[in-house]
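Engineer: build me a structure from this.
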Amino acid sequence: MPPFCAGMVWCLGNLGSGGNSVCEQKCHNNATPEGETQYLDLTDCYDYCFNAGYYYNDCLQDYCTANISTCFGNPQVTCHDMMECFVSCGEDQSCIQACYNDTSFLGQNQYSNMMSCYFDNCMEAEDFNGCMSTNCEHDFNICYDGLI
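Structural biologist: Modelled structure (predicted):
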């Protein structure tokens, strides 16, 4: 998991009820300072809504949309959209990072799965398309909406 806000949510969420203080501290220690701040801002907003005295989902919509988007990326931006954005960036690393940051958490995970398969199986392959089709078709199709 990436060491920013969404990664912290994932890490802390996998501790289960009751948590584990050592593991919880590792989640915080592995976060970037920016990710930690985003996570704390998000939990402050959730806490506010929990105690606000009106419908929780309305409160989240009214007060926490920016925090949710900052933590999890734009829920409308898919892995495929991110890959198209990467192409438009050329070699501009700050542009590529912005594309990644603006992608939904789900899209980021789909991209990570596809790239892990690529690095594990196809990085040195002479026939890239054949290798991806044979070894990574599932992950590729999830990211690219079945374009292999």
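
Engineer: mind splitting this protein into its structural domains?
Structural biologist: 1-72, 73-148 (automatic domain parsing).

Engineer: show me what the helix or strand containing Met132 is packed against.
Structural biologist: Met132 is part of helix 128-135, with elements assigned from DSSP states H and E. Counting contacts by 3 or more C-beta pairs under 8 Å, 6 or more residues apart in numbering; DSSP states H and E, helix 128-135 packs against no other helix or strand. All C-beta atoms are positioned from the backbone trio N, CA, C, and that covers glycine.

Engineer: for the protein, give me the ranges with low pLDDT.
Structural biologist: Low-confidence segments of the chain (pLDDT under 70): 1-3, 15-20, 146-148.

Engineer: and Cys95, how far from Gln108?
Structural biologist: Distance of Cys95 to Gln108, computed by C-beta to C-beta, to the nearest Å: 16 Å.

Engineer: higher neighbour count, those two?
Structural biologist: Gln108 (22 against 14; other C-beta atoms under 10 Å).

Engineer: isn't that one right up against Cys71?
Structural biologist: No: using C-beta atoms under 8 Å, Gln108 is not in contact with Cys71; the gap is 11.7 Å.
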